[in-house]
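# Kindly generate the corresponding structure for this input.
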Amino acid sequence: MSKANVGKESEGGITSSYKVDEGVVLKVPYSFFGSIYDQDELDGVHTAMKQDSQTMGPQVQTFQINFAEYTGTKYAFAVSNCTTAMHVCSQVIGLRPGDEVIVTPNTFIATSLVVLKEGATPVFADIDPKTFNIDPKEVEKKVTNRTKAIYVVHYGGQMVDMDPIMEIANKNHLVVLEDCAHAPGATYKGRKAGSIGDFGCFSFHSLKNMTTLGEGGMITCNSDRYAHGIENLRCMSLDHWKDQTDYWIPSHFDVVDFDGKWGNNYRMNEAQAAVGIAQLKKLEMLNAKRIENGKYLNEGLKGIKGITPVYVDSNCRHIFHLYTVCVEEKELGAGRDDFLRVLYREEGIQGILHYQPTYHFTGLKKMGYKQDICPIAENFFYKRELNTPQHPRLTKDDLDAIIAGIKNAARKVGNGYRV
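Coordinates of the predicted model:
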């Protein structure tokens, strides 16, 4: 078998594409554009280009106001991406060496990276085997007198069971950050993602349910104090001089730390915000298409021996950022990797995997993390899961091809066939 040539046409690698040069004819490739653009986005960019202000101007202001209204939060702050959003929040709450943050291992590295950047320690709690979200019972086991916060991730577009998370946080005086990268518009018991914890951090990367020209992010919160910190730290700790009478005296701006933390340039530009305004207006439509896709796949995959479709919690509005199929090796009679090889090479359906347990990466291994601390997450990534193509531009023919491909691959490998 030839080595996969993954993402060689771009510097972003897996963050920008998943093209593999193996000569496979794909019926449904995995797309890294998760939304739909039309004239509205073009008009928005054109308007922004004609402005004098090209960054953090009227488009950003409007986008923030609209997003706060949509999520039902007091504040929304646009930033350059979800990682910078979470980094700002980690600074605002004062993370420092010796602090611990409980986090899921089933997430992109960014969720733990922002903790590590502040010198604090990620503590990994295992996941629920049905929702693949962090399990509140496992979170409770990990709380110590060093715990400062809980960072939850709404995996795949379905929210974490938030009530017990908030009970644990309130009982132990902990901060809760919602990583909402997969979940703009998802709900838990009628409450929108990003409105329950102390912070909500959103991604507008090109893969996501809504996007702002490939990158972008948003922070939501309800606290006046946290809002002040976010404003300070997302823009290089800039502030106004007190009692300034003329705009140039003593100078155009002051620089003030926030509790000893210093900011960075995490701003969003005006063209991105203009696209965000248009995308937010479409978000319910975009999510509805993904939900329709998810329901159609769930129905079509029902009853296939060894294949588990997506579980939907009755408390949640699952917006299907991902469609995660699980392969049950004992029932199927073959492993996930054999199944995926047949699905990809013979059926032309390209699946990808999310997420390798964070503590299995080389950088965290060097820190001394044990390699078997979350067995459910480990089994999920290495043995069970794969994500089929999922975006709002999929046609009925695409969905039927995915269903047929999974059925055929299951039948082939279940009969002992291997690639």
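# now the lengthiest helix in the chain: mean pLDDT?
With DSSP state H applied, the helix covering the greatest number of residues in the chain is identified as helix 270-300. Averaged across helix 270-300, pLDDT comes to 98.
# same thing with stretch 133-140?
Along stretch 133-140, the predicted local confidence has a mean pLDDT of 98.
# CA atoms only for that stretch - export them in CSV, please.
Once non-C-alpha atoms are left out, stretch 133-140 reads as follows in CSV (Å, rounded to 0.1, in the frame of the first residue of the first chain):
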residue,chain,number,x,y,z
ASN,A,133,-19.2,14.0,24.9
ILE,A,134,-17.4,14.4,28.2
ASP,A,135,-19.2,12.3,30.9
PRO,A,136,-20.2,14.4,34.0
LYS,A,137,-19.7,11.4,36.3
GLU,A,138,-16.1,11.2,35.1
VAL,A,139,-15.6,14.9,35.5
GLU,A,140,-16.7,14.7,39.2
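# Could I get the buried residue list for the longest helix of the chain?
Within helix 270-300, the residues that count as buried by 16 or more other Cβ atoms under 10 Å are 270-280, 282-283, 286-287, 289-291, 293-294, 296-297, 300. Every residue, glycine included, has its C-beta placed from N, CA and C.
# And that helix, how far out from the chain middle?
Going by Cα atoms, centre = their mean, to the nearest Å, the spacing between the C-alpha centre of helix 270-300 and its chain's C-alpha centre is 15 Å.
# Can you name the next helix or strand after that helix?
Using DSSP states H and E, the helix or strand that directly follows helix 270-300 along the chain is strand 307-308.
# What pairs with that following strand, parallel or antiparallel?
Each strand pairing with strand 307-308, determined using DSSP bridges, is listed with its direction: strand 323-327 (antiparallel).
# Report whether the expected contact of V88 with R234 is present.
Yes: applying Cβ atoms under 8 Å as the test, V88 and R234 come out as touching, 5.2 Å apart.
# Common neighbours of those two, please.
Overlap between the neighbourhoods of V88 and R234 consists of 79, 219, 263, 266, taking contacts as Cβ atoms under 8 Å, 6 or more residues apart in numbering.
# Select the longest strand from this protein.
Of all the segments of type strand in the chain, defined by DSSP state E, the longest one is strand 147-153.
# Give me the sheet partners of it and which way each runs.
Applying DSSP bridges to the sheet, strand 147-153 is found paired with strand 100-103 (parallel), strand 175-179 (parallel).
# Can you name the next helix or strand after the first one?
The reference is to strand 100-103. Proceeding C-terminally, strand 100-103 gives way to helix 110-117 as the next helix or strand, assigned by DSSP H and E.
# next structured bit after the helix or strand encompassing G200?
When elements are assigned from DSSP H and E, G200 belongs to strand 199-203. Once the chain leaves strand 199-203, the next helix or strand it forms, by DSSP H and E, is strand 217-221.
# Strand partners (parallel or antiparallel) of that next one?
For strand 217-221, sheet partners with direction are given as strand 75-79 (antiparallel), strand 199-203 (antiparallel), following DSSP bridges.
# Show the low-confidence segments of this structure, by residue range.
Within the chain, the ranges that satisfy pLDDT under 70 run 1-10, 12-13, 417-419.
# Now the most centrally placed residue in it. Nearest residue, chain neighbours left out?
Of all residues in the chain, the one closest to the mean position by Cα atoms, centre = their mean is A181, 2.7 Å from it. Distances taken as Cβ to Cβ, 6 or more residues apart in numbering place S203 nearest to A181, at 3.7 Å, with adjacent residues excluded.
# Regarding E140, which helix or strand does it belong to?
Take DSSP H and E as the rule and E140 turns out to sit in helix 136-142.
# ugh, typo on my part, it should be P164
The secondary structure element spanning P164 is helix 162-172 (assigned by DSSP H and E).
# tell me what that helix is packed against?
For helix 162-172, the elements it packs on are helix 136-142, strand 147-153, strand 175-179, judged by 3 or more Cβ pairs under 8 Å, 6 or more residues apart in numbering; DSSP states H and E.
# Minimum distance to Y18: which of the ones you listed has it?
Proximity of the helices and strands packed on helix 162-172 to Y18 was assessed by Cβ to Cβ; the nearest stretch is strand 147-153, lying at 20.6 Å.
# The closest one: how far from the chain's middle?
Strand 147-153 has its average C-alpha position 15 Å from the chain's average C-alpha position, going by Cα atoms, centre = their mean.
# Residues contacting that strand, please?
With contacts defined as Cβ under 8 Å, 6+ apart, strand 147-153 is touched by 86, 93-95, 99-104, 106-107, 111, 115, 120, 123, 133-134, 139, 160, 162, 165, 168-169, 172, 174-179, 181-182, 197.
# I figured L322 hits H154, correct?
No: because the distance of 10.9 Å does not satisfy Cβ under 8 Å, L322 is recorded as not touching H154.
# out of these two, which sits in the busier spot?
The residue with more neighbours, out of L322 and H154 and counting by other Cβ atoms under 10 Å, is H154; that gives 29 against 23.
# who's in contact with that one?
Counting by Cβ under 8 Å, 6+ apart, H154 makes contact with 133, 160, 178-180, 182-183, 186, 193.
# which among these end up buried?
Buried, going by 16+ other Cβ under 10 Å: 133, 160, 178-180, 182-183, 186, 193, out of the contacts of H154.
# need these in TSV with distance to R317, can you?
What follows is these, written out as TSV (distance: Cβ to Cβ, whole Å):
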residue	distance to R317
N133	14
V160	13
E178	15
D179	18
C180	13
H182	13
A183	10
A186	6
A193	9
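# Which member of these is positioned nearest V342?
Among the buried ones among the contacts of H154, H182 lies closest to V342 (Cβ to Cβ), at 27.7 Å.
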